[in-house]
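Colleague: sequence and predicted structure, then a few things I'm wondering about:
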Amino acid sequence: MRNKILTVDDSKTVRIIVRKAFKSYDCEILEASNGVEGLAVASKEMPDLILLDITMPVMDGVEMLTRVKADPQLKGIPIMMLTAEGGKDNVLKIAKIGIRDYIVKPFKEELLIEKAGRIIELKPLTDAPTKARSIFDAATILVVEDKPAIVQQIQAGLKHTPWKVHGVSTQGEAMDFWTRTPPDLIMISLSLPEDAAFTLFRLIRSNVKTKYTPVFGLVVKTEAGPQQQAQTVGFTTVVTKPIDVGDLESKIAKAMNLDTSLRYFKIESEMLVMRLPENCGPSVLAELSTYLKPKLAEAVDAGNNKAVIDVHPLKSVHMGVIKLLLQTMQTCRELGVQFALVGNVHLIAECKGFEDTRNWVFHDTLENAKASFGSAAAPASAPAAAAPVAPAAAPALASA
Amino acid sequence: MPAIQEISEQLIRTNISRAVCDVFKTMLNRDSEHGITMHEGVAASWPPLPPDGEAVPQVVGTVGFIGDANGLIYLYLPQAFAQLVTCHLLGMTAEELEEAGDEVINDAIGELTNMTVGSFKSGLCDAGFPCKLTIPSILRGSNFCIEPISSVQRFIYSFESSGYKIVADILMKAGD
């Protein structure tokens, strides 16, 4: 449920500044221009936090505060003073009535957010809540690692992505960085001196801007202690060194909740093309498997009932790939989608070696596969007509 | 309780300089790189507006303080600067501000004055002169002067920001 914040201030300017400060967070801002209005809104809406000015006409902040604290229904609502009334004695006097915090104007919006974030849960709003972010969108990744070679390895490995990887080597540099540019993901070496990784993690989680940012731990595979500690305190995941960059990329996409389907599925010439990458590790197969049915259903819904399964880039066939392809063919049949396979000579030879795959019919190019739909009215239950790389008109796959 | 006469010119100057600089630097979120810099207040003579009759439209915010120290502070801002400041404060463009009207500028300058005087009077409270703020009000015009009655001590300081002159005109009631 969205948090409600009530700002009670006779200055419209302050109410606008408060609204502006919280606009990137999932909360509702309620307004009142004096203590009387403030009490009425508080009773009706039961806000999760009240920001209260002191000098106001009709009823000032001190009286409103006193009345809130005397009301059994309202007294539990945390109140933070936001006022130009400073002075030690004044602050102490008001603090005794019962407040959670006190900000003296002038104030920075960041300070207001930070202090409010200590009292209520402030969840940042995503930029585009209705549209999932895609693998092709830019993102900022901060790597806190005192070994430059590791930072370089990550930067080189993710070079083909639109993600910008920034390396820093100390806790102070990291904090400076995220204050200026809140990153989309943070990786921290668990072997930084003096347990700095865990101190940083606590700071990240206590900062409103980075509270929900995914945090990866980086550690050598054999260092079981830090790995366990990272998992216990709540690191999103632990990436072991030497880093498998392909796996890291999948983990990043998953942690940032990115739509990676466009990497594998595309609509071309009114056909769905599913393309397997060069290396199909467990994380890639899991992604493909997750997207498979929704993507095929989406294609059918849009009137595209032909699919090309392109395994041409694949280096080698293994059980995971075979299972995925069987699942794909089965889903195509269930949805009434005609399909054709594209492969390379090496893969076709490998497929001949498995009972389940020896009868698969492959085309040598995407164009031939696409053309096959036109030349032969292939039934939805079988791969489309044969191509030169499958000299024998092999029968369709026996069973899924 | 210290006597009101013990509030020295030095204390007033220090407090008003700190208050004006803090408020403008904090609320405008600007550093020197972006052009808004505050220069320490310097004592200026009466009248606070240019004596040569140049009709520079001003927006003047006023907030008083009452208690063991009593007085009023007028904060003079050239209208063009008041508009600039309001845009910064509220995240509005000049066009949006134009559409919103003078009421928005009045409220913003009133609040800036409230913060400035609040900060000034916190210094007085901490020096042993507890007092409370009054509600802000705004005065607009291009050719006017505010004249105090004789029992009032007057201190005028000028500041500079982005080439604009800001004047703080402090009227303190002399001790009873």
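Modeller: Done, it's in.
Colleague: who's in contact with whatever residue of the stretch 101-250 of chain A ends up closest to chain B?
Modeller: Scanning the stretch 101-250 of chain A for the residue nearest chain B gives A:Pro106, at 3.9 Å (criterion: CB to the nearest CB). To be clear about C-beta, it is placed using only N, CA and C from the backbone, and glycine gets the same treatment. Counting by CB atoms under 8 Å, 6 or more residues apart in numbering or on different chains, A:Pro106 makes contact with B:Asp22, B:Val23, B:Thr26, B:Met27, B:Met115, B:Ser119.
Colleague: now swap in A:Thr170 and tell me
Modeller: A:Thr170 touches A:Val144, A:Asp146, A:Ala196, counting by CB under 8 Å, 6+ apart.
Colleague: most neighbours among the contacts of A:Pro106, please name it.
Modeller: B:Met115 (29 neighbours; other CB atoms under 10 Å in any protein chain shown).
Colleague: thinking again about what came up before, so which of the contacts of A:Thr170 is the closest to B:Ser162?
Modeller: A:Val144 (38.7 Å; CB to CB).
Colleague: who does that closest one bridge with?
Modeller: A:Val168, A:Ile188 (DSSP bridges).
Colleague: would you mind measuring from it to A:Ala138?
Modeller: To A:Ala138, A:Val144 is 21 Å away according to CB to CB, to the nearest Å.
Colleague: do A:Val284 as well
Modeller: With CB to CB as the criterion, A:Val284 and A:Ala138 are 22 Å apart.
Colleague: of the two, which one has the most company?
Modeller: The neighbour comparison of A:Val284 against A:Ala138 (other CB under 10 Å) goes to A:Val284, with 23 against 10.
Colleague: residue contacts, that one?
Modeller: A:Gly246, A:Ser250, A:Pro277.
Colleague: now with 7 Å?
Modeller: Neighbouring residues of A:Val284 by CB atoms under 7 Å, 6 or more residues apart in numbering or on different chains: A:Ser250, A:Pro277.
Colleague: let me know the pLDDT of it.
Modeller: Note on A:Val284: pLDDT of 83.
Colleague: I'd like the next helix or strand past the one helix or strand it maps to.
Modeller: For A:Val284, the host element (DSSP states H and E) is helix A:282-301. Downstream of helix A:282-301, the first helix or strand assigned by DSSP H and E is strand A:306-310.
Colleague: so that following strand versus helix A:282-301, what angle?
Modeller: 160 degrees (axes from the mean of the first three to the mean of the last three CA atoms, to 10 degrees).
Colleague: ok, back up a step: backbone dihedrals for the residue nearest to the residue of the stretch 101-250 of chain A closest to chain B when sequence neighbours are not counted, please?
Modeller: Leaving aside its chain neighbours, A:Pro106 sits nearest to B:Thr26 (3.9 Å; criterion: CB to CB, 6 or more residues apart in numbering or on different chains). Reported as degrees, to the nearest 10, the phi and psi values for B:Thr26 are phi -70, psi -50.
Colleague: residue contacts, B:Thr26?
Modeller: Counting by CB under 7 Å, 6+ apart, the residues that B:Thr26 touches are A:Pro106, A:Phe107, A:Lys108.
Colleague: gap between A:Ile119 and A:Asp48?
Modeller: 8 Å.
Colleague: tell me which of these two has more neighbours.
Modeller: Using other CB under 10 Å, the more surrounded residue of A:Ile119 and A:Asp48 is A:Asp48, with 19 against 16.
Colleague: what mean pLDDT does stretch A:230-247 have?
Modeller: On average, stretch A:230-247 scores 89.
Colleague: same question for stretch A:331-351.
Modeller: For stretch A:331-351, the per-residue pLDDT averages 88.
Colleague: one more: stretch A:31-41?
Modeller: pLDDT averaged over stretch A:31-41 gives 94.
Colleague: distance from the chain centre to that stretch, please.
Modeller: 39 Å (CA atoms, centre = their mean, to the nearest Å).
Colleague: quick one: contacts of it?
Modeller: A:6-8, A:10, A:15, A:30, A:56-61, A:63-64, A:67.
Colleague: neighbours of the spatially closest residue to A:Asp146 that is not a sequence neighbour, just the number please.
Modeller: In space, A:Asp146 comes closest to A:Ser169 once its chain neighbours are excluded; the distance is 4.5 Å by CB to CB, 6+ apart. Number of residues near A:Ser169 (other CB under 10 Å) recorded here: 16.
Colleague: in chain B, which spans are strands?
Modeller: B:42-43, B:58-67, B:71-78, B:131-133, B:137-141, B:152-161, B:164-173 (DSSP state E).
Colleague: can you list the strands that the third one pairs with?
Modeller: Take DSSP bridges as the rule and strand B:71-78 pairs in its sheet with strand B:58-67 (antiparallel), strand B:164-173 (antiparallel).
Colleague: swap in the fourth one?
Modeller: Looking at strand B:131-133 with DSSP bridges, its partner strands are strand B:58-67 (antiparallel).
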